[in-house]
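turn this into a model:
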Amino acid sequence: MEPMKPMEPMKPMKPMAPMQPMQSDDSWWPQGLSNPSSTGAQNDLQYAFFPQQRRLAIRRGGSVQQYDTGELAISGVGQSQSGQGPGAEPVFSTAQGEIALSSLRKVD
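Numbers count the residues shown, from 1 in each chain. Okay, the predicted model is just below:
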């Protein structure tokens, strides 16, 4: 068994570089909507939920629509069991249960 070699002293750490602000602005939702609490995608649909503005933004096929969510807090997206394929209606998870997109009021 070899004798243990002495440990070298630790070298000083390099100073940390300052944090850079986040540059990525890949938001696809309309101006005026900010800080979504949840976002997601399923098939060709993307969604972003904005609780402060009570809005749900949906992007499908390159077009974006907004919906009034009222008191609902959206936490996820699914697809209704009654329809299959690309035209199937999305449903959203809320504390009150699932809600179909067609039950929300479209906002211009």
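
for this structure, just list every one of the strands.
For the chain, the strands defined by DSSP state E cover 38-42, 45-50, 55-60, 63-68, 74-79, 90-94, 97-100, 105-107.

closest one to Met10 among the ones you listed?
The stretch from those with the least distance to Met10 (CB to CB) is strand 38-42; that distance is 43.1 Å. Every residue, glycine included, has its C-beta placed from N, CA and C.

what's the angle between that closest one and strand 74-79?
Between the axes of strand 38-42 and strand 74-79, defined by axes from the mean of the first three to the mean of the last three CA atoms, to 10 degrees, the angle is 10 degrees.

and strand 38-42, what's buried?
Judged by neighbour count (16 or more other CB atoms under 10 Å), strand 38-42 contains these buried residues: Ser38, Gly40.

okay, now the sheet partners of it, with direction.
strand 45-50 (antiparallel) (DSSP bridges).

with adjacent residues omitted, what lies nearest to the residue nearest to the spatial centre of the chain?
Centroid-nearest residue in the chain, with CA atoms, centre = their mean: Thr39, separated by 1.9 Å. Computed as CB to CB, 6 or more residues apart in numbering, the closest residue to Thr39 that is not its neighbour in sequence is Ala48, at 4.6 Å.

same thing with Arg60?
Closest residue to Arg60 apart from its sequence neighbours, by CB to CB, 6+ apart: Leu45 at 4.9 Å.

alright, that wraps it up for me.
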